[in-house]
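[1] Sequence and predicted structure, then a few things I'm wondering about:
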Amino acid sequence: MFRYKLAAIKTNMTRIIIILITVLLSFAKSFGQNQVPITIGQKYVIESEILNENREYWLYLPSDYDQSKYDYPVMYLLDGQEHFHQITGVVNHMSRLVQRMPRMIIVGIVSTDNDRVRDYTPNQIEILSNGGGADQFTKFLQKELIPKIDDDFRTNNYRLLFAHSLAAVCLNHIFTNQNELFNVYFAADPAIFIDPTIAKDLESYISKQDTIKSCYFLSVCGLVDSTTIVPNIKLSKMIESKYSEKISWDFKFYTSEDHISMTLKAMYDALEKLYSDYKIPNTYIHSFDKESILNHIKNNEDRYKIHVALPEQLVNEYAMHFCTKQKYDDALDLLQLNLENYKVPYETYYFMGEVYLMKGDKSKALEFYEKSCGIKEIWDVRDKIKQVKNE
């Protein structure tokens, strides 16, 4: 009897183990099927005749790129592999969530230990004997990479350049010799101590210009030796004392940051300064001032020479806010912005149906509800269609 019970127990345990294994395998398979990668960019390679080599670059597109109609500014990052993740995160946060800057494409140009010195230094110097290729690298940007990005993606003529350390030496060289290539220059802790001619050439260039259209942002960290700090402090004081009226510029000194940790703060602060007036003031929204909202967008377009498009969801929220004061025509004018900026704004169509329904125009309401539902069935759109048809 005992043997029989023991055998039965073993049989039951075996069945339980088989069932558990089956369930776990099924769960693992199901879990694997539901996994979707979070992608923030793509890797590309360009064959450069100028540099006589293949160069890798990483590219980030704004989240609304595939749904939008308009062209985007482009930010280029030297040493892209070091800064791509942090800067795409900052730009996404500031342009999408808090609306303090325009959305933009980001191109991170990958470098290696072998080509950094060659590409980022304009002169051959004793401590960096394989340098002196900055002019060729600039030519690569101007003649090959930038045209490639412009051909492959919807870009406008507004370009920004970010560089740190040795790469910022190259940035200063481009600012001095090919200034029109970029609209904005971000120089983070540039290693100009390696070559005294960098600062001299920059001052010589600025002194000869009546005005400089591009913006220049210089940032320096405090937790390094004075050899690195002093030349950059002198550069900032030179610009401030002699040429501050000629150029739109800013300087930040991060006393508690080191050479590596300062880059994230420097980028955020510079973007915040550059686009200090970009965000639509809340007072325009709270006071239901449509004209001020539209004028603010127009002023930003004139100032930065770009097309300014607000996120679709944000415009929809503005429109519904206006409806709380029965400003239906103003709400429709705002929603029109989305029709101009986005390819298939089915959420906007839904809200246009809402506005027309509140206005009492059932025919128009039905038109936009059906237009929205024809693209994607969202929220209670089918109930809305039935409601309008039955009234």
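    Okay, I see it.
[2] Residue 55 - that's part of a strand, no?
    Yes - under DSSP: H, G, I helix; E, B strand; the rest coil, residue 55 falls within a strand.
[3] Just to check, residue 349 is in contact with residue 372?
    Yes - taking contacts as Cβ atoms under 8 Å, residue 349 lies within contact range of residue 372: 3.7 Å. All C-beta spots, glycine's among them, are computed from the backbone N, C-alpha and C.
[4] Okay, buried residues for the helix or strand encompassing residue 253 please.
    In the assignment (DSSP states H and E), residue 253 maps to strand 247-254. By 16 or more other Cβ atoms under 10 Å, the buried positions in strand 247-254 come out as 247, 249, 250, 251, 252, 254.
[5] name the helices or strands packed onto the helix or strand following that strand?
    Sequence-wise, the next helix or strand downstream of strand 247-254 (DSSP H and E) is helix 262-274. The elements that helix 262-274 packs onto, with contact taken as 3 or more Cβ pairs under 8 Å, 6 or more residues apart in numbering; DSSP states H and E, are helix 80-92, strand 184-188, strand 212-221, strand 247-254.
[6] what's the angle from helix 262-274 to strand 184-188?
    Relative orientation of helix 262-274 versus strand 184-188 (axes from the mean of the first three to the mean of the last three Cα atoms, to 10 degrees): 150 degrees.
[7] tilt between helix 262-274 and helix 80-92?
    Using the same axes, to 10 degrees: helix 262-274 against helix 80-92 is 40 degrees.
[8] Touching helix 262-274 from outside, list them.
    83, 86-87, 90-91, 94, 100-101, 162, 164, 184, 186, 188-189, 215, 217, 219-221, 250, 252, 254, 257 (Cβ atoms under 8 Å, 6 or more residues apart in numbering).
[9] what's the spacing between that helix and its chain's center?
    Relative to its chain's centre, helix 262-274 lies at 13 Å (Cα atoms, centre = their mean, to the nearest Å).
[10] for that helix, which positions count as buried?
    262, 263, 264, 265, 266, 267, 268, 269, 270, 271, 272, 274.
[11] Give the next helix or strand downstream of that helix.
    Using DSSP H and E, the helix or strand that follows helix 262-274 in sequence is helix 282-286.
[12] what mean pLDDT would you report for that following helix?
    In this model, helix 282-286 has a mean pLDDT of 96.
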